[in-house]
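Asks: Fold the stuff below for me.
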Amino acid sequence: MYRHKPDMWGSARELLRRGEVIYTLAERDIRAQYKQAVLGIAWALLIPLVNLLMLTVLVGHVKGFSVGGGVPVILSMYVGLLAWGLAGGAIGGGANSLVSNKALMAKSHFPRECFPLSQVLESAFSSLLALVPMIILFFVTGYGPRLASIWTPLYIAIEIPFAVGLVFFVSAVVVQMRDLQQIIPIFMPLIMLVTVLKPLYVYQNGTLQPAFVHGWLRTFYCIINPMAPVVANTRDSVLLGFGPQWSILAPAVFGSFGILVIGYVVFKKLEVNFADLT
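Replies: Below is the predicted model:
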């Protein structure tokens, strides 16, 4: 592994040329996931609602959870869950993407990165469907999205490199250390709870005031957990009408692309052992 020197740029260019493989794998997994289910694709709508119910139970025991501004708590939680969903779903599904496709991987010649990337695409599909309950919640609560929601694609653009990098890293390491298959389902919900339930900003006296962590600790936290600024900015833009908060987004950009580079390097370094260990 340590002597292996992959051609990173060549691999990236080849991966860009094989986009149709990623799409085909994602379509296969989506069809297989819902084909035999009684509720079918409705599960993509029910899962975020179940998570919302769980958080509704927990939120009463979390001190200081509120983004302020008269935003209904249930709506604030769901927007946070939706912002988290792309990365969380990709990591949860992508962790076993290489191990579960070992037979196909042994027979195919396309880039191995296609397997974890297909899970990112599948998670994006589920997140798109999860917009439906959010629209319903807006009608039920009588609280409408703000014009600053147009900034949401920027936050997604920061989330995607983080999700891809972490999926690369986790899927490659799982091949070497199968214990992670048991650890990830425990660890990811804990990160989700901290990220969604502890807002980085609260709305007070017409402005956003820092909360949860301050100073250099906040910067460090935003680097190692870029999803916290993504969730915070999504809420603040969609529900409160604020634009990007660059003091936390800038570290998130650094952390997100740093994780992408690290994850891809680790993936390509470990790739030499995939065939033997899967």
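
Asks: Now do the helices in the stretch 1-150 of the chain.
Replies: 8-17, 19-35, 43-59, 73-94, 102-107, 114-129, 131-141 (DSSP state H, counting those that start in this stretch).

Asks: can you list those helices in JSON lines and add mean neighbour count?
Replies: C-betas here are computed from N, CA, C, even on glycine. Converted to JSON lines, these look like this (neighbours: other CB atoms under 10 Å):
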{"stretch": "helix 8-17", "mean neighbour count": "12"}
{"stretch": "helix 19-35", "mean neighbour count": "15"}
{"stretch": "helix 43-59", "mean neighbour count": "16"}
{"stretch": "helix 73-94", "mean neighbour count": "23"}
{"stretch": "helix 102-107", "mean neighbour count": "12"}
{"stretch": "helix 114-129", "mean neighbour count": "22"}
{"stretch": "helix 131-141", "mean neighbour count": "14"}
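
Asks: Can you say which of those is nearest to residue 163?
Replies: Closest approach to residue 163 among those (CB to CB): helix 73-94, 4.0 Å.

Asks: CA atoms only for the closest one, dumped as CSV, please.
Replies: Taking Å, rounded to 0.1, in the frame of the first residue of the first chain, the C-alpha atoms of helix 73-94 are listed here in CSV:
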residue,chain,number,x,y,z
VAL,A,73,-39.3,24.1,15.7
ILE,A,74,-40.6,21.2,13.6
LEU,A,75,-39.8,23.1,10.4
SER,A,76,-36.4,24.1,11.7
MET,A,77,-35.6,20.5,12.5
TYR,A,78,-36.8,19.2,9.1
VAL,A,79,-34.8,21.7,7.1
GLY,A,80,-31.7,20.7,9.2
LEU,A,81,-32.4,17.0,8.5
LEU,A,82,-32.9,17.7,4.8
ALA,A,83,-29.6,19.6,4.6
TRP,A,84,-27.8,16.7,6.4
GLY,A,85,-29.6,14.0,4.4
LEU,A,86,-27.4,14.1,1.3
ALA,A,87,-24.1,13.5,3.1
GLY,A,88,-25.6,11.3,5.8
GLY,A,89,-27.3,9.0,3.3
ALA,A,90,-24.3,8.8,1.0
ILE,A,91,-21.9,7.8,3.9
GLY,A,92,-24.4,5.3,5.3
GLY,A,93,-25.0,3.6,2.0
GLY,A,94,-21.5,4.1,0.5
